[in-house]
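**Q** Dropping the sequence and predicted coords here.
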Amino acid sequence: MFLNRVTKLHDRIPSQQDYPFSIPAIRTMDEIEIAANVTFFVGENGSGKSTLLEAIADKCEFNTAGGGRNNTYEVHASDSALGDYIRLSWMPKVTNGFFLRAESFYQFSSHLDEVDTTGFRDYGGKSLHHQSHGESFLSLFLHRFKGQAIYLLDEPEAALSPARQLAFLRVLYDLAEKEECQFIIATHSPILLGYPGADILSFDHGKISSIRYEESDHYQITRYFLENRERYLNELLKEEQDDE
């Protein structure tokens, strides 16, 4: 494990009312401890998990549009709003790694088409555009990711079927346990969250707090739906009809 603490620099913040400090979990954040080599950020949309992950990528000097330190290209609205207001503590510091931003992965793939001179050696031997969305993600994980590095992943499940999420868990295990990689992952996937020994940091309820897997909404809602599908749908659709 390399990154062990993220601290908010209160003295640099111009106003707690402006974005991103208007996000409750970011406003109340002081510092968070990173205590496991696989850490998940969870929370509702807009809760701040991707904002913090992007800020960490910015401080690692990764391209905040997606990529590593040597991937230079631009995507509109990819700048980090929080990066100047946090400090990262390392033991030891690493410079190798990658920031996966699912929403701009297409642009990253186009960037590779323009600059790659190795025959896409680190991406399965062919352009990511010539692979399905899920295949291209797995090619990145299998071929580009290597030991002694930190990997920041924003919703990697976006391109992965349930079966491929399980395949990714195996890749994650091999990299984290055998090759000494560190991962911080923002996700909505109850499958990925089940990774054994991971820390789960929730951004809900206006603060960042550690929770157990079974306490996450992702687990509870998915379990309730699978065990009570007809009842859940009847209640949900009845509420919709009542609203009309």
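**A** Nice, thanks for sending it over. Everything numeric in this text was worked out from a predicted model, so none of it was measured.
**Q** now Lys93, what's its secondary structure?
**A** Following DSSP: H, G, I helix; E, B strand; the rest coil, the label given to Lys93 is coil.
**Q** so who does the nearest residue to Glu179 once chain neighbours are set aside touch?
**A** Closest residue to Glu179 apart from its sequence neighbours, by Cβ to Cβ, 6 or more residues apart in numbering: Gly147 at 3.3 Å. C-beta here means a position set from N, CA and C on the backbone, and glycine is covered the same way. Residues near Gly147 by Cβ atoms under 8 Å, 6 or more residues apart in numbering: Leu175, Glu179, Glu180, Cys181.
**Q** Quick check: the farthest pair among those residues?
**A** Within the contacts of Gly147, Leu175 and Glu180 form the most distant pair, 8.5 Å apart (Cβ to Cβ).
**Q** show me what contacts the closest residue to Asn96 other than its chain neighbours?
**A** Leaving aside its sequence neighbours, Asn96 sits nearest to Ala149 (Cβ to Cβ, 6+ apart; 3.8 Å). Taking Cβ under 8 Å, 6+ apart, we find Ala149 in contact with Val94, Asn96, Gly97, Phe98, Cys181, Gln182.
**Q** for this structure, what spans make up the helices?
**A** 24-27, 49-59, 105-115, 133-139, 162-173, 217-227, 229-243 (DSSP state H).
**Q** Quick check: beta-bridge partners of the nearest residue to Phe40 once chain neighbours are set aside?
**A** Leaving aside its sequence neighbours, Phe40 sits nearest to Ile200 (Cβ to Cβ, 6+ apart; 4.8 Å). Going by DSSP bridges, Ile200 is paired in beta bridges with Phe40, Ile211.
**Q** If you tally nearby residues, what's the number for the residue lying closest to Leu140 once chain neighbours are set aside?
**A** Spatial nearest neighbour of Leu140, chain neighbours left out: Tyr123 (6.3 Å); criterion: Cβ to Cβ, 6+ apart. Other residues within reach of Tyr123, judged by other Cβ atoms under 10 Å, total 20.
**Q** Might one say that Tyr123 is in contact with Phe141?
**A** No. If you go by Cβ atoms under 8 Å, Tyr123 and Phe141 don't touch, sitting 10.3 Å apart.
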